[in-house]
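1. how would this look folded up:
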Amino acid sequence: MQLRKATMADFDQIIAILKDGANQLAEHGVNQWQGDYPSKGQINEDIENGWAFLAVSEDKETVGAIAIVDGPDHVYDHLDGKWLSNTDKYVVIHRVAIHSQHSGKGYATKLLQAVINDIKVNRDDIDSIRIDTHEDNKAMQHLIAKMGFTKVGLLHGVYRPNETSYVYELKK
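-> Residues are numbered from 1 along each chain as shown. Prediction:
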């Protein structure tokens, strides 16, 4: 799995991948990404800041999208929990999606492993990696735990009112 930094030329493709991801969540009864998040404005910001990446498989197919956001991320200002690392030197993984045409091939695992490896090798300025997901997104919770993250707390109402997200951290 390779990560390719996205440009504005990739905007529509990222939107399509994330919309497909929202549809997959809805099909599994997960009420995540069912409103105005992630928005076109958010994706534009991700690209402009160099946070948006495309996941490219070994056979050169674009299979997914991900945002790797430099901290501090104010989404976590009201964490109900305790970080493993008391630091502002972290990145956050947001907006992870593998297109349904490529599901069931282990690409989500390969994508997160590629991100973790890249950060460990190329980001000496980073102490930890953080990620969160909806309380009902059991597939992502399983993947996050499989990748070695530790659950550190909860977020309440950050993305939508009355919504709870589980928050995880991986020390580098």
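
2. quick one, what contacts the most centrally placed residue in the chain?
-> The geometric centre of the chain, computed from its C-alpha atoms, lies nearest to His94 (Cα atoms, centre = their mean), at 2.8 Å. Going by Cβ atoms under 8 Å, 6 or more residues apart in numbering, His94 touches 38, 51, 66-69, 131. C-beta coordinates here come from the backbone N, C-alpha and C atoms, glycine included.

3. and the gap between it and Asp59?
-> 26 Å (Cβ to Cβ, to the nearest Å).

4. low pLDDT regions in the protein?
-> Low-confidence segments of the chain (pLDDT under 70): none present.

5. tell me the buried residues in the helix or strand hosting Arg95?
-> In this assignment (DSSP states H and E), Arg95 forms part of strand 90-98. By 16 or more other Cβ atoms under 10 Å, the buried positions in strand 90-98 come out as 90-98.

6. each with direction, which strands does that strand pair with?
-> strand 62-70 (antiparallel), strand 128-134 (parallel) (DSSP bridges).

7. which one of those lies closest to Asp46?
-> Closest to Asp46 of these is strand 62-70 (Cβ to Cβ; 4.6 Å).

8. contacting residues around the closest one?
-> 3-4, 6, 13-14, 17-18, 46, 49, 51-57, 91-99, 102, 105, 107-108, 111, 115, 119.

9. starting at the chain centroid, how far to the helix or strand that it is followed by?
-> Using DSSP H and E, the helix or strand that follows strand 62-70 towards the C-terminus is strand 80-81. Distance of strand 80-81 from its chain centroid, counting by Cα atoms, centre = their mean, to the nearest Å, is 20 Å.

10. partner strands of strand 80-81 and their direction?
-> Using DSSP bridges, the strands paired with strand 80-81 are strand 150-156 (antiparallel).
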